[in-house]
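Enquirer: Here's a sequence, model it:
(2 chains)
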Amino acid sequence: MTDIEKPLNFIQKVIEEDLASGKTKQVQTRFPPEPNGYLHIGHAKSICLNFGLAKKYGGQCNLRFDDTNPEKEDIEYVESIKNDVKWLGFEWAGEVKFSSSYFDQLYDWAVYLIKEGKAYVCDLTQEETREYRGNLTEAGKKSPFRERSVEENIDLFARMRDGEFQDGARSLRVKIDMAHGNMQMRDPIIYRIKNMEHHQTGDKWHIYPSYDYAHGQGDAIEGVTHSVCTLEFAEHLPLYNWFIENLPVPAVPRQYEFSRLNVNYLVTSKRKLKQLVDENVVNGWDDPRMPTISGMRRRGYTAQSIRNFIESTGVTRVDGVVDMSQLEFSVREDLNENSPRAMCILRPLKVTLWNVPEENSTEYLVAPNHPQREELGTRTLIFDREIYIDKEDFQEEGNKKFKRLVIGKRVRLRNAYVIEADEAIKDSNGEIIEVKARIIEGTLGNNPEDGIKPKGVIHWVSAVQNVDCEVRLYDRLFNDIAPDAGGKDYMQSLNPDSLEVLTGCKGEVSLQAPSTDIPYQFEREGYYFLDEDSDYDQDLENQKLVFNRTIGLRDTWDK
RNA sequence: UGGGACGUCGCCAAGUGGUAAGGCUCUGGGUUUUGAUCUCAGCAUUCGUAGGUUCGAACCCUACCGUCCCAGCCA
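Expert: This is a model prediction of the structure:
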């Protein structure tokens, strides 16, 4: 990167002050996803922030699954989340943590609160609880069960734990203030009855702690110094601190909130992404059109490009929407620097170079793998009398702006000769099926001797020896710049053309054994990454190669 | 109408009393065997609005306007 120092964000400033004052000895953070879906670009921000903070200040970051609600969770998600965090390039401290590991301690602390007269078992139904809570402008009413005796509360709470009651029959609430301006403080529920198995604790529990009750205490148990979360939890801060102050916790963590990442044209809500998967709008969580980490990975986005993007957007408390172009810039920046080049014809049009002798027409040419990075080596290109160019690179009659092949005009074949087109051959429908052209002698590495330079450069592939492949082009999933803003129905703005599959594409022979760790730049086309649907086969006839277009090249050609 | 947070260029985002960084986008020029890359130049007399304090304000004060979050036994 650069040696220009980046200004610190507000959380970094807090940490530097805490370190300077001695309040914090060693920074401890945590990334705390609930395993109820796949991670998406929004989580990448939290991951980069939490792990990045720990790394920057020589501390550690835990990966903690906030698994307090077995209803929505699944072991499939914990595995995918671990995989995604690792892929993004981060390493968590020690073993993976689970909020469920603290259920015993949390239970003991709940009993402690009861004994202190600060928690009570409430028999109000869910509807009654809502009525008693009041609303934004009216104070709530105290629950009639608020003054139960300590003994009765302890007994009832134990019986809740033992599975004696139906789901929702009772709850454990903390006694704070039913008239508090902050709704979170109106005797929040900290334990609810759910007679159901948990993916980590099996059938041990019939009651599960709420997020509010489990999160801060989990932080304290793990010695988290700076608990950073998104802005919607700012409302919970007083409650977070209430527990820390009223419980004999081993440490005092502090919560700081930042605004979540929003990118236009994207939807980032686990619930909504799940709907796209469940209704088969996309082909799974890792569909390359999804803004999930796994989808982006499959599409060809590099971990570095995602990290750079997150870094470029900053950390503040301002609600904003980042432009998609900023993400695209980070992806292109990294890929341009690191992708090997290759030529691939997406929509083949045969060109016969009639002045190349028919006998022994094959010629081997050498091309650099990267135009600016010699150290990346070279590759061999096969040149023949018959080649393919892209249909879009030929017009019978061009115009000043069309810098490609035109009848009677010249064009440079990338890394090869200059050619001039003579004739277009059409089928009975009038469609051009072949072009007759000729090479200009002596133009390999040189300009034509007659001084008539070609207008442009186009890519090509031998029609005799090439690699057949399928190419999948992706466009945005939604046509609306803010698909789900203001409660809009995002399913109404789905882009019907978000996937275009091209078969019979022709790649140069270096693509026979393609790279599986970084996209190629198909010159003049964009960046393309090998999809996992590909099938390798020693027998090339049976090999099936599929490439995903990660992103096109920047295009400043005003058509 | 209760409580909380936030408003600096089209989009991100520094700046927190001394006279508006940077990135993305966009526009124009140069180099180029990728209409890519690279490179040069341009792009806020102005910081939500209106007053006030001050020699001096985006930064301090007051009022107003706008946006977002909170009424799950979700996280």
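Enquirer: Now tell me what touches the strand or helix carrying A:Lys272 from outside.
Expert: Per DSSP states H and E: A:Lys272 is located in helix A:270-278. Residues external to helix A:270-278 that are found in contact with it (Cβ atoms under 8 Å, 6 or more residues apart in numbering): A:36-38, A:40, A:267, A:281-282, A:284-285, A:287, A:290-292, A:477, A:484, A:490-491. (C-beta placed from N, C-alpha, C; glycine too.)
Enquirer: what element comes up after that helix heading to the C-terminus?
Expert: Proceeding N to C from helix A:270-278, the next assigned helix or strand is helix A:293-299, under DSSP H and E.
Enquirer: Close to RNA strand B: what parts of the stretch 351-500 of chain A are there?
Expert: Applying Cβ under 7 Å from any atom of the strand, one finds that the stretch 351-500 of chain A approaches RNA strand B through A:370-372, A:401-404, A:412, A:414-416, A:443-446, A:456-457, A:486.
Enquirer: Outside of stretch A:121-136 itself, which residues are in contact with it?
Expert: A:140-146, A:148, A:152-153, A:156-157, A:160, A:168-173, A:178-179, A:183, A:186-187, A:189.
Enquirer: make that stretch A:43-55, sorry
Expert: Under the contact criterion Cβ under 8 Å, 6+ apart, stretch A:43-55 has outside partners A:11-12, A:15, A:27-31, A:33, A:39, A:59-61, A:84-85, A:88, A:90-93, A:226, A:228-230, A:258, A:260-261, A:293, A:306-307, A:310-311, A:313, A:315.
Enquirer: Next step: those residues restricted to strands.
Expert: Per DSSP state E, strands hold the following members of these: A:28-31, A:60-61, A:226, A:228-230, A:258.
Enquirer: quick revisit: buried set for the helix holding A:Lys272?
Expert: The neighbour-count criterion (16 or more other Cβ atoms under 10 Å) identifies A:270, A:273, A:276-277 as the buried residues of helix A:270-278.
Enquirer: Repeat that for stretch A:54-69.
Expert: A:54-55, A:57, A:59-69.
Enquirer: Now, those residues that are in strands?
Expert: If you go by DSSP E, the buried residues of stretch A:54-69 have A:60-65 in strands.
Enquirer: What is the nearest of these to A:Leu545?
Expert: Taking Cβ to Cβ as the measure, A:Leu545 sits nearest to A:Leu63 out of these, at 35.5 Å.
Enquirer: Find the nearest non-adjacent residue to the closest one, please.
Expert: Beyond its immediate neighbours in the sequence, the residue positioned closest to A:Leu63 (Cβ to Cβ, 6 or more residues apart in numbering) is A:Trp92, lying 3.8 Å away.
Enquirer: Is it correct that A:Thr129 falls within a helix?
Expert: Yes: counting by DSSP: H, G, I helix; E, B strand; the rest coil, A:Thr129 falls inside a helix.
Enquirer: Enumerate the residues of the stretch 1-150 of chain A near RNA strand B.
Expert: Residues of the stretch 1-150 of chain A lying close to RNA strand B by Cβ under 7 Å from any atom of the strand are A:7-10, A:32, A:34, A:66, A:68-69, A:71-72, A:122, A:124-126, A:129-130, A:133, A:135-137.
Enquirer: Of these, just the buried ones, PyMOL syntax please.
Expert: The following PyMOL line selects those of those that are buried, judged by 16+ other Cβ under 10 Å:
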select buried, chain A and resi 32+34+66+68+69+122+124+129+133
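Enquirer: Pick out the residue nearest the middle of chain A.
Expert: A:Ile293 (3.1 Å; Cα atoms, centre = their mean).
Enquirer: State the distance from that residue to RNA strand B.
Expert: Using Cβ to the nearest atom of the strand, to the nearest Å, one obtains 17 Å as the distance from A:Ile293 to RNA strand B.
Enquirer: check contacts around that residue.
Expert: Contact analysis of A:Ile293 by Cβ under 8 Å, 6+ apart lists A:38-41, A:43-44, A:84, A:87-88, A:306.
Enquirer: now do A:Val252
Expert: Contact analysis of A:Val252 by Cβ under 8 Å, 6+ apart lists A:220, A:244.
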